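Q: Below are the sequence and a predicted model; questions follow.
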Amino acid sequence: MAVIADDIAERLREGFKALRQPVRLEVYTAAGQNEEFSEFTREFASELSKLTDKITAGFFRVGDPEAKAKGIERSPTVLIAPDRYQLRIVGAPAGEEARSFLQAIFMASAGMSRLSEASRRRLEGLRERRRIKVFVTPTCPYCPDQVLQAFGAAIERADLIEVEVIDILENQDLAERYNAFSVPQTIFDDKLTTLGLEPEDIFIEELMSLTEAKEVVAEEPGVTSECDLLILGAGPAGLTAAIYAARSGLNAVVVDKGTIGGQVAITPVVENYPGFTRVAGKALVDMMTNQALTYAKVHQNEPLQYIAQTEDGRFEAATSRRKYLARALILATGAAHRHLSVPGEQRFYGHGVSYCATCDGYVFRGKKVIMVGGGNSAVTEALYLDSLGAKVTLVHRRDKLRAEQRLQDGLAARKIPILWNTELRAVVGEDHVEAALLENVAEKRTWREPVDGVFISIGYAPANEPAKMLGIELDAEGYVVVDHEQRTSMPLVLAAGDLIGGIKQITTAVGQGAVAALTVFHDLEQRGSAKAAAPS
């Protein structure tokens, strides 16, 4: 059976017409080692080669002279354009990683790194060899972007940089050796380890210096980008605001410190969004993103450095990449995972402690984990972990869940155990999580529960740093205070989505984003500064 569906094959065939130089794929496999994944990889590469004459595939056995000469010992391993670059995937390029694999083919064919001009100039100064390992899983929506940054660097400096992308599940011994239990995890020359998707400039700086970089100041800030509306945050609220603003005739720009999609991008399954009985969060976000991109520019991986109001009433913002000057502002920065702040939680983050089952659950298949929390997110992720094959137990501090009844019914149907009236007191282990210290608060009983992983989903804290910079009114919990048309305490600054608290649902975020954009149009029009036509 073909691994590429007919409709996708047709789209790939059309897309491959843009390939320039030929790209050779070399697939190395071994009998008895990850055979299911190896078979998929062989078939995938073979089918790709039949869609265009620009892709050729060669198949080898681990242990053959070709494999020994290139230091290949694991099955499956894929080399991309090995005649020109050092791009290696250890594991099947499936799921989210199929995306980075296919994009790498286009990059190798064009000989283009897709890195910014500033990053390319920085890499010109590299004088020593670099070997980059990126640990990934097929379900992690953040992994492909980190992988493509690494591949881009290896294409830009093919003489000095080699990249190895490693699937954790298929190479659990490597994951344990490098203590990689959260993805993406990047290791530079076995000297520096970083967790999560990083902004491009931070990634390049760490590659160059082999030291942790928190912030990189652009050498040349460049020309300030002027717009009618600057939207901070590329989740559902921000993306919807961009669509409605542009349809009103406003020039809108969306900026996000991370990747597009917000919390929805890492939600395994969405079952309560109108029009979709059941849809993956990442798929829903991709549809929103594609629509927003037809209306507005969306810049991701640009952490905000400062934002202030100028003397003429406009808003000036700066990231590490560029500056922005806007007549109005919508804050849609969302919220971040709350932490319990118990002993061991921070120490073992990325080494068994996780806040994202979609990203990290894959590596815990067959292993014992706990999910701390009792709301919709916690129960949804517990169900997801169970579907992956993890042995999950829900830990809740009360005797009743806050999650929707439909989700609670799912727990009962799956027979997922629940520890009621129980709190996590500490996470313990040596190099990685080995146990959780739990307390039944009703019985005043404490015990050590052996576990391989601790997942935490206890709500969110508002990402209100930009609001604080502007001096906007916040409520007692730090959420931005707005009126019924999404206006904040500062004129021409509006807010929407999880940042304003209340009911944290995709539908409410979308509605608030639309209202905020239309309010901006009307407020600018009343001030005589809107250049737009009436909203459509």
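A: Everything's here; your move.
Q: Measure how buried Phe101 is and give me the count.
A: Counted with other CB atoms under 10 Å, residues neighbouring Phe101 total 25. No exception for glycine: its C-beta is placed from N, CA and C like everyone else's.
Q: what about it, which SS state?
A: Following DSSP: H, G, I helix; E, B strand; the rest coil, we place Phe101 in the helix state.
Q: so who does it touch?
A: By CB atoms under 8 Å, 6 or more residues apart in numbering, the contact set of Phe101 is 78, 80, 89, 93.
Q: now with 10 Å?
A: Applying CB atoms under 10 Å, 6 or more residues apart in numbering, we find Phe101 in contact with 25, 41, 44-45, 48, 78, 80, 87, 89, 92-94, 144, 147, 151, 165.
Q: so which strand or helix has Phe181?
A: Assigned by DSSP states H and E, Phe181 falls within no helix or strand.
Q: looking at it, it is touching Asp360, isn't it?
A: Yes. Phe181 is within contact range of Asp360, at 6.7 Å (criterion: CB atoms under 10 Å).
Q: Not counting sequence-adjacent ones, nearest residue to the residue most central in space within the chain?
A: The residue lying closest to the centre of the chain (CA atoms, centre = their mean) is Tyr142, at 2.8 Å. Spatial nearest neighbour of Tyr142, chain neighbours left out: Leu197 (4.1 Å); criterion: CB to CB, 6 or more residues apart in numbering.
Q: what does Ile187 give?
A: Nearest one to Ile187, counting by CB to CB, 6+ apart, is Lys133 at 4.4 Å.
Q: Can you name the residues that contact that neighbour?
A: Applying CB under 10 Å, 6+ apart, the residues near Lys133 are 88, 90, 150, 162-166, 174, 178, 180, 185-190, 193.
Q: first vs last residue of stretch 111-121, how far apart are they?
A: End-to-end distance of stretch 111-121: 16 Å, with CA to CA, to the nearest Å as the criterion.
Q: before we move on, what about stretch 305-313?
A: Stretch 305-313 has an end-to-end distance of 20 Å (CA to CA).
Q: how far does the one helix or strand the residue nearest to Ile187 maps to sit from the chain's center?
A: Under the criterion of DSSP H and E, Lys133 resides in strand 130-136. Centroid separation for strand 130-136 versus its chain: 17 Å, with CA atoms, centre = their mean, to the nearest Å.
Q: Could you identify the helix or strand that succeeds it?
A: Next in sequence after strand 130-136, counting helices and strands by DSSP H and E, comes helix 143-156.
Q: Does anything pack onto that following helix? Which helices or strands?
A: For helix 143-156, the elements it packs on are strand 77-80, strand 87-90, helix 96-110, helix 117-123, strand 130-136, strand 161-167, strand 185-188, helix 200-209, judged by 3 or more CB pairs under 10 Å, 6 or more residues apart in numbering; DSSP states H and E.
Q: try 8 Å this time
A: Contact partners of helix 143-156 among helices and strands, from 3 or more CB pairs under 8 Å, 6 or more residues apart in numbering; DSSP states H and E: strand 87-90, helix 96-110, helix 117-123, strand 130-136, strand 161-167, helix 200-209.
Q: in the stretch 301-450 of the chain, which spans are strands?
A: 304-309, 315-319, 323-331, 335-337, 353-354, 368-372, 391-395, 418-419, 422-429, 433-440, 445-450 (DSSP state E, counting those that start in this stretch).
Q: Which among those strands is found nearest to Gly528?
A: Of all the strands of the stretch 301-450 of the chain, strand 323-331 sits nearest to Gly528, with 11.3 Å by CB to CB.
Q: mean pLDDT for the strands of the stretch 301-450 of the chain: which is lowest?
A: In terms of mean pLDDT, the lowest-scoring of the strands of the stretch 301-450 of the chain is strand 335-337 (a mean of 89).
Q: from the chain's centre, how far out does that one sit?
A: Per CA atoms, centre = their mean, the centroid offset for strand 335-337 relative to its chain is 14 Å.
Q: Tell me the spacing between Gly528 and Asn251.
A: Remark: distance between Gly528 and Asn251 (CB to CB, to the nearest Å) = 17 Å.
Q: more neighbours, these two?
A: Using other CB under 10 Å as the criterion, Gly528 and Asn251 rank with Asn251 on top: 18 against 6.
Q: Now do the more buried one against Ala326, distance only.
A: For Asn251, the distance to Ala326 equals 9 Å [CB to CB].
Q: shared neighbours of the two, anything?
A: Counting by CB under 8 Å, 6+ apart, the common neighbours of Asn251 and Ala326 are 227-229.
Q: Give me the below-cutoff pLDDT ranges for the stretch 251-400 of the chain.
A: Counting by pLDDT under 70, the stretch 251-400 of the chain contains no low-confidence residues.
Q: ranges for the helices of it?
A: 281-293, 357-360, 376-388 (DSSP state H, counting those that start in this stretch).
Q: In the first one, which residues are buried?
A: The neighbour-count check on helix 281-293 (16 or more other CB atoms under 10 Å) flags 281-282, 284-285, 288-289, 292 as buried.
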